[in-house]
Every structure is written in structure tokens, then in C-alpha cells.
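1. please find the sequence and the predicted model below.
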Amino acid sequence: MEVERVQRWVASALVLTVCTLFATGMAILSGTVDRSGARPGLLVLSSVVGLMAMAGVRVINAKPVLTPWLVLGLLPAAVVGSYYWLTG
């Protein structure tokens, strides 16, 4: 296996892990804030961070950025937002 390929995999894993944890943390924080306007704002920021994480992984691997895989970046905000919406 080529060293460059392994480096791309490691960089992709690091970017995806760090950004996904950050996006999930912001989405969870949106459920704990008292201000009514903060919840949608934090969910939007969480979505943007998730989208940027997926785009970053695509750029690192020299793949086209605009693909259906980009939608996975919305997953943390969608899951946590729907949980808070269902539980009231």
C-alpha cells in the first residue's frame, strides 16, 4: 500500500472524527440552552460543520465535493434535532 494513500486515510479519519464530535456536541447543546432563538442557530451551525467535514474528507481524497455523500454531514444535527423535537 502506498504511503500517500495511508496518509489520506488517516487525515480523513481525523477530520471526520473531530468535526463530527464538534457537530454532535453543538447539536446536543442546542437542547440544553434556555434561549428560544439559540436552538435553531446551534442546529444550523452543527449542520454546517458536518457538511464541511464531509467536504473536507472529499477534498483530502481528491474526489468531487458535490456528491450524495455530502448529505451525511447533516446526520448529527438531524438525529439530535429530531430527538429533541420528539421529546418536546
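-> Thanks, I have it. Numbers count the residues shown, from 1 in each chain.
2. just checking, Gly73 touches Ser47?
-> Yes - assessed by CB atoms under 8 Å, Gly73 is found in contact with Ser47 at 7.2 Å. (Glycine included, C-beta is placed from N, CA and C.)
3. overlap in contacts, those two.
-> Ala23 (CB atoms under 8 Å, 6 or more residues apart in numbering).
4. out of those two, which sits in the more crowded spot?
-> Each of Gly73 and Ser47 has its neighbours counted (other CB atoms under 10 Å); Gly73 has more, 25 against 20.
5. distance of the more buried one from Arg35?
-> In this view, Gly73 and Arg35 are 25 Å apart by CB to CB, to the nearest Å.
6. wait, Ala55 sits on Gly73?
-> Yes - using CB under 8 Å, Ala55 is in contact with Gly73, at 7.4 Å.
7. got the contact list for the residue nearest to the spatial centre of the chain?
-> Using CA atoms, centre = their mean, the residue of the chain that lies closest to the mean C-alpha position is Gly50, 2.0 Å off. Gly50 makes contact with Cys19, Thr20, Ala23, Leu72, Gly73, Leu74, Leu75, Pro76, Ala77, according to CB under 8 Å, 6+ apart.
8. quick check: the last one vs Leu86, distance?
-> When you say that, I think you mean Ala77. According to CB to CB, Ala77 and Leu86 sit 15 Å apart.
9. TSV for the contacts of Gly50, including secondary structure, pLDDT and distance to Arg39?
-> Converted to TSV, the contacts of Gly50 look like this (DSSP: H, G, I helix; E, B strand; the rest coil; pLDDT from 0 to 100; distance: CB to CB, whole Å):
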residue	secondary structure	pLDDT	distance to Arg39
Cys19	helix	94	21
Thr20	helix	93	20
Ala23	helix	93	15
Leu72	helix	91	22
Gly73	helix	90	19
Leu74	helix	92	16
Leu75	helix	91	18
Pro76	helix	89	15
Ala77	helix	90	11
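10. now which of those would you call buried?
-> Among the contacts of Gly50, the ones that count as buried by 16 or more other CB atoms under 10 Å are Cys19, Thr20, Ala23, Leu72, Gly73, Leu74, Leu75, Pro76, Ala77.
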